[in-house]
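Student: dropping a prediction and its sequence here:
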Amino acid sequence: MTANFADIEKLAHERATDPVLLACVEPHEPALIVALDRAMKNRLVKPVLIGDETAIMNAAKEAGVETRGWELVRSDDPNHSVYMAQELIHDNKVGGICKGVFGTQDFLSLLFERRLGFRVHPNLVSGVMVCKNDKLDRLLLISDPIVNPQPELMDLVAILNNSVALAHKLGNKQPKAAMLAAVEVIYPQMPVTIEAAVIAKMADKNQIKGCLVDGPLSLDVALIESAAKDKGATGPVAGFADILIGPNLATSYGVYRAFALYTKSDYGLLVVGGKVPCVITSSFDSETVRYNSLLLAVVAAK
């Protein structure tokens, strides 16, 4: 079972018998070009750069990367760049897509247009942060910090299933999932605790497969064995969670940003549940985060 991003890189090499063709939309950032160059030299991806040629060349020059021989599709309009990437996805010509200099919500709105075929009915698309924190001996998946603002109960089930599917691809065949809330008991005044308990019971009744689920659980109880014992939380998930499912985007995004900004964590971001995996990173993300995200896309694509 993979425990860190070095393991994920080995897994990507094992599965990428051929480099994954990756449509890169508006790749006008030096950090992204460096990450793509590293992944290309490791024969993990083959980028298809879609955007303004001058902006791409300037980013490559600033990054000190020679992009001669890289495939380039010229586009003068960011929206058109997304549509061109969509055509490649629709025609099964690429195995993944990567966002460059583009507002996340605007990018996703274009990507999710039903007529273009990225979304596969009836699947729900969701975001996942894969994180290796120095305090934990395992990979942690946090979902959904990107896509679904206010998921309903069955949306949360779909988000959980997407995360479990990625965990399986990362080698964890029976991940432990915690449905997050502020408390570990059910309060009718807090509807999220009821939803968490229902989803946990659905897993008990084998309506959700391939994982162990408990909830509601607070963040500390989900991750820290001693905190779980102190609060009397029992079961195989409390203190040992591999997956954290927030009740809404605000919660999941807050947990993701807290790990990213205020802890020693190696991480990557991916949007899953669509026709191909989608790499989503922020402007402040380092070259390492972008490379980690590319590794996740390679594993997910295979």
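Tutor: Good, I have the coordinates.

Student: now for A165, how many residues are close by?
Tutor: 16 (other CB atoms under 10 Å). No exception for glycine: its C-beta is placed from N, CA and C like everyone else's.

Student: am I right that it sits in a strand?
Tutor: No - membership of A165 in a strand is not supported by DSSP: H, G, I helix; E, B strand; the rest coil, which gives helix.

Student: that one contacts P277, doesn't it?
Tutor: No - A165 is beyond contact range of P277, at 11.0 Å (criterion: CB atoms under 8 Å).

Student: where do the helices of the stretch 1-150 of the chain begin and end?
Tutor: Using DSSP state H, counting those that start in this stretch, the helices assigned to the stretch 1-150 of the chain run over residues 5-15, 30-41, 53-63, 78-90, 104-111.

Student: what's the most buried one of those?
Tutor: Among the helices of the stretch 1-150 of the chain, the stretch with the highest mean neighbour count (mean count of other CB atoms under 10 Å) is helix 30-41, at a mean of 22.

Student: switch the helices of the stretch 1-150 of the chain over to CSV; also include distance to F284 and mean pLDDT.
Tutor: Shown next, in CSV, are the helices of the stretch 1-150 of the chain (distance: least, CB to CB, whole Å; pLDDT from 0 to 100):
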stretch, distance to F284, mean pLDDT
helix 5-15, 19, 95
helix 30-41, 10, 96
helix 53-63, 16, 96
helix 78-90, 20, 92
helix 104-111, 13, 90
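
Student: OK, contacts around D7?
Tutor: G171 (CB atoms under 8 Å, 6 or more residues apart in numbering).

Student: A177: which of the helices of the stretch 1-150 of the chain is closest?
Tutor: Distance to A177, taken as CB to CB, is lowest for helix 5-15 among these, at 19.4 Å.

Student: and S283, how far from M40?
Tutor: 22 Å (CB to CB, to the nearest Å).

Student: and for P236?
Tutor: Going from P236 to M40 by CB to CB gives 41 Å.

Student: count the neighbours of the closest residue to A35 other than its chain neighbours for me.
Tutor: Once flanking residues are discounted, A35 sits nearest to R290: 3.7 Å by CB to CB, 6 or more residues apart in numbering. Neighbours of R290 under the rule other CB under 10 Å: 26.

Student: any idea which element R290 lies in?
Tutor: Per DSSP states H and E: R290 is located in helix 287-301.

Student: run through who's touching that helix.
Tutor: With CB under 8 Å, 6+ apart as the criterion, helix 287-301 contacts 5, 8-9, 11-12, 15-16, 20, 22, 31-32, 34-36, 38-39, 44-45, 95-96, 98, 130, 166, 169-170, 266-270, 272, 276-281.

Student: with stretch 224-233 instead?
Tutor: 184, 217-218, 220-222, 234, 238-240.

Student: drop anything exposed from the residues you listed.
Tutor: Applying 16 or more other CB atoms under 10 Å to those, the neighbour count classes 184, 217-218, 221-222, 238-240 as buried.

Student: so of those residues, which ones are in helices?
Tutor: Judged by DSSP state H, helices contain the following of those: 221-222.

Student: where does the protein have its least confident helix or strand?
Tutor: helix 104-111 (a mean of 90; mean pLDDT, DSSP states H and E).

Student: then that helix to CSV, C-alphas only?
Tutor: Taking Å, rounded to 0.1, in the frame of the first residue of the first chain, the C-alpha atoms of helix 104-111 are listed here in CSV:
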residue,chain,number,x,y,z
THR,A,104,-11.0,27.3,-11.1
GLN,A,105,-14.7,27.9,-11.1
ASP,A,106,-14.8,29.3,-14.6
PHE,A,107,-12.6,26.5,-15.8
LEU,A,108,-14.9,23.8,-14.2
SER,A,109,-18.0,25.5,-15.5
LEU,A,110,-16.8,25.2,-19.0
LEU,A,111,-15.4,21.7,-18.5
